[in-house]
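Chemist: Structure of the sequence below:
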Amino acid sequence: MVLFSFTTIAQNKTNPASSQKKTTPANVQNRETMDSLIHEVQVLRKELYEADSINKLILDGIYRNIDKPRYKMYQTENVYNLLELDTRRGKVWQVQYRMGDTESQVVSLNLFGIVSEDEGWDGRFELYPTKNMYTFIMLDTGTGDTYHVQWSTKGYNYQFVEPLK
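Modeler: Got it, this is the predicted structure:
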């Protein structure tokens, strides 16, 4: 939005008809100062972005996190089970809510997640259902890597997250 404002100001400068104010020495000086500042900001932004990959990742990361939830819930075909995804780290939990005599429980399908807190960003991981109700595919939107996510009501031996090769 700031860049839009700079662009609008720059366009008004180049199009005298868009400005209704009289030209005075103070207005000319203010306009020259503003033009100089706009140019400096544009040059610095470009230099920072191109300087190295870390700066690029930081600048890109600012925009990645806008309106992206950290956690998402995914329905399964089993009405009592959902999958919870940490979209930043790639960690998945099976969430089972109370049904009859069975207690509610939350079970981690991968203990540590795929990436560390520092390597991730909100929205990095997404889950996609398959035709097998117990299997989802997790996509790392940063690298394109995919993971087999399996949940189960039969126990820990049937619950996992592993890379697809």
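Chemist: tell me the contacts of V115?
Modeler: R89, G90, R124, D140 (Cβ atoms under 8 Å, 6 or more residues apart in numbering). The way it works is simple: take the backbone N, C-alpha and C, and place the C-beta from them, glycine included.
Chemist: On the pLDDT front, check it for me.
Modeler: We have a pLDDT of 95 for V115.
Chemist: which SS class is it?
Modeler: At V115 the chain is in coil, as set by DSSP: H, G, I helix; E, B strand; the rest coil.
Chemist: Remind me what the helix ranked longest in the chain packs against, helices and strands.
Modeler: Across the chain, the longest stretch assigned as helix under DSSP state H is helix 25-51. With contacts defined as 3 or more Cβ pairs under 8 Å, 6 or more residues apart in numbering; DSSP states H and E, helix 25-51 has these neighbours: helix 2-14, helix 53-64.
Chemist: hey, least reliable of those by pLDDT?
Modeler: helix 2-14 (a mean of 43).
Chemist: correct me, but Y128 touches T141?
Modeler: No: taking contacts as Cβ atoms under 8 Å, Y128 lies outside contact range of T141: 11.5 Å.
Chemist: circling back to that earlier point, which one of the contacts of V115 is nearest Y74?
Modeler: Distance to Y74 across the contacts of V115 (Cβ to Cβ) is lowest for G90, with 13.5 Å.
Chemist: Which helix or strand in this structure has the lowest average pLDDT?
Modeler: Taking mean pLDDT, DSSP states H and E as the measure, the chain has helix 2-14 as its least confident helix or strand, at a mean of 43.
Chemist: Walk me through the domains of this protein.
Modeler: According to automatic domain parsing, the chain comprises the domains 2-51, 71-163.
Chemist: Pull up the distance across the longest one, start to finish.
Modeler: Between the opening and closing residues of domain 71-163 we find a distance of 21 Å, counting by Cα to Cα, to the nearest Å.
Chemist: So that it lines up with my notes, have the first residue be 14 from now on.
Modeler: Okay, using 14 as the starting number, the last item reads as domain 84-176.
Chemist: mind checking how far it is from the chain centre?
Modeler: 18 Å (Cα atoms, centre = their mean, to the nearest Å).
Chemist: Can you tell me how far N40 is from D48?
Modeler: 12 Å (Cβ to Cβ, to the nearest Å).
Chemist: buried sites along stretch 101-112?
Modeler: Neighbour counts using 16 or more other Cβ atoms under 10 Å place R101, R102, G103, K104, V105, W106, Q107, V108, Q109 of stretch 101-112 among the buried residues.
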